[in-house]
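*Asks:* following is a predicted model, sequence given first.
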Amino acid sequence: MSRRPEWLIEGNRVYDVDQDREGVIQFVGEFEDPATRRFTPEAVFLRPEGGGVEWIVSDHHALRPADAR
């Protein structure tokens, strides 16, 4: 298992390279998909800033810190 980057913490804005969108980290931790029973040891749950539909990133290497505003 790889170490998490220091910026990968709840509340930080990040850019999801694979989805080409930004989100705010809601949670980082273990996740088991109830439909497939696939286990992800360090899933990252993201939600668009201001609200919206949450999505899950299974590999934090696809994330980058969001540009400063």
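*Replies:* Yes, it's here. Numbering: from 1, shown residues only.

*Asks:* give me the neighbour count for residue 4.
*Replies:* 12 (other Cβ atoms under 10 Å). Every C-beta, even on glycine, is put in place using the N, C-alpha and C of the backbone.

*Asks:* contacting residues around it?
*Replies:* Going by Cβ atoms under 8 Å, 6 or more residues apart in numbering, residue 4 touches 28, 42, 60.

*Asks:* same check on residue 14?
*Replies:* Contact analysis of residue 14 by Cβ under 8 Å, 6+ apart lists 7, 8, 22, 23, 24, 25, 44, 46, 63, 64, 65, 66.

*Asks:* now, of the residues you listed, which are buried?
*Replies:* By neighbour count, with 16 or more other Cβ atoms under 10 Å, the contacts of residue 14 hold 8, 23, 24, 25, 44, 46, 63, 66 as buried.

*Asks:* next, the third one: secondary structure please.
*Replies:* What that stands for is residue 24. strand (DSSP: H, G, I helix; E, B strand; the rest coil).

*Asks:* now do the helices in the protein.
*Replies:* Counting by DSSP state H, the chain has no helices to list.

*Asks:* poorly predicted segments of it, please.
*Replies:* Counting by pLDDT under 70, the chain contains low-confidence ranges at 1-2.

*Asks:* give me the beta-bridge partners of residue 64?
*Replies:* Beta-bridge partners recorded for residue 64 (DSSP bridges): residue 15.

*Asks:* is it in contact with residue 15, as I believe?
*Replies:* Yes. With contact defined as Cβ atoms under 8 Å, residue 64 reaches residue 15; the gap is 4.7 Å.

*Asks:* point to the residue nearest the middle of the protein.
*Replies:* The centroid of the chain falls nearest to residue 44 when counting by Cα atoms, centre = their mean (3.1 Å).
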